[in-house]
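here is my input; please provide its structure:
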Amino acid sequence: MVAQVPTATLRQINKVLGRNFVTKYGTRQGIVVLGRVAPFGIGAVIGGGANAALASLAVRAGRRAFDPAPEQWPPSWDEPLD
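Next up, the predicted model:
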């Protein structure tokens, strides 16, 4: 029976039903999906900030322990630093 319906008619039906379906169910589903995904985004931001803070602390501790890096590295590791 569907094969007998012209394609243009099916497109018109899909346009109307698609809009109704999206406006009726899409907003609710969108809010549900957003509610499920938002904690991951918030966790990623908090985790990224914590990683940056810990990396900064590690770099500072390394600089205090080993002094800053030399301006220029020697061409060979056998040669002493000036």
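
what's the helix or strand for E71?
Secondary structure from DSSP states H and E places E71 outside every helix and strand.

whoops, I mixed them up, P75
Judged by DSSP H and E, P75 forms part of no helix or strand.

can you check the pLDDT for F66?
Here, the pLDDT recorded for F66 equals 90.

can you get me a residue count around it?
8 (other Cβ atoms under 10 Å). In short, each C-beta sits where N, CA and C put it, glycine included.

next one: P75
Applying other Cβ under 10 Å, we find 7 residues neighbouring P75.

likewise V32?
Using other Cβ under 10 Å, V32 is surrounded by 10 other residues.

do G18 as well
Neighbour count for G18, taken as other Cβ under 10 Å: 11.

from the chain's centre, how far out does the strand or helix carrying G35 sit?
Taking DSSP H and E as the definition, G35 sits inside helix 27-66. For helix 27-66, the separation from the chain centroid amounts to 10 Å (computed by Cα atoms, centre = their mean, to the nearest Å).

look up the pLDDT of V2 for me, please.
For V2, the model assigns a pLDDT of 56.

apologies, that question was intended for V37.
On the pLDDT scale, V37 gets 78.

what of E79?
On the pLDDT scale, E79 gets 64.

next: I31.
The model reports I31 with a pLDDT of 71.

what about it, how many residues close to it?
Quick note: I31 (other Cβ under 10 Å) scores 10 neighbours.

same thing with W73?
Each residue near W73 was counted by other Cβ under 10 Å, and the total is 9.

residues in contact with it?
If you count contacts by Cβ atoms under 8 Å, 6 or more residues apart in numbering, W73 has none.

check which helix or strand covers it.
Using DSSP H and E, W73 sits in no helix or strand.

by mean pLDDT, flag the weakest helix or strand of this structure.
For the chain, scoring each helix and strand by mean pLDDT, DSSP states H and E identifies helix 7-21 as the least confident one, at a mean of 75.

can you mark which positions in that one are buried?
Of the residues in helix 7-21, none has enough neighbours to count as buried (16 or more other Cβ atoms under 10 Å).

lovely, talk soon.
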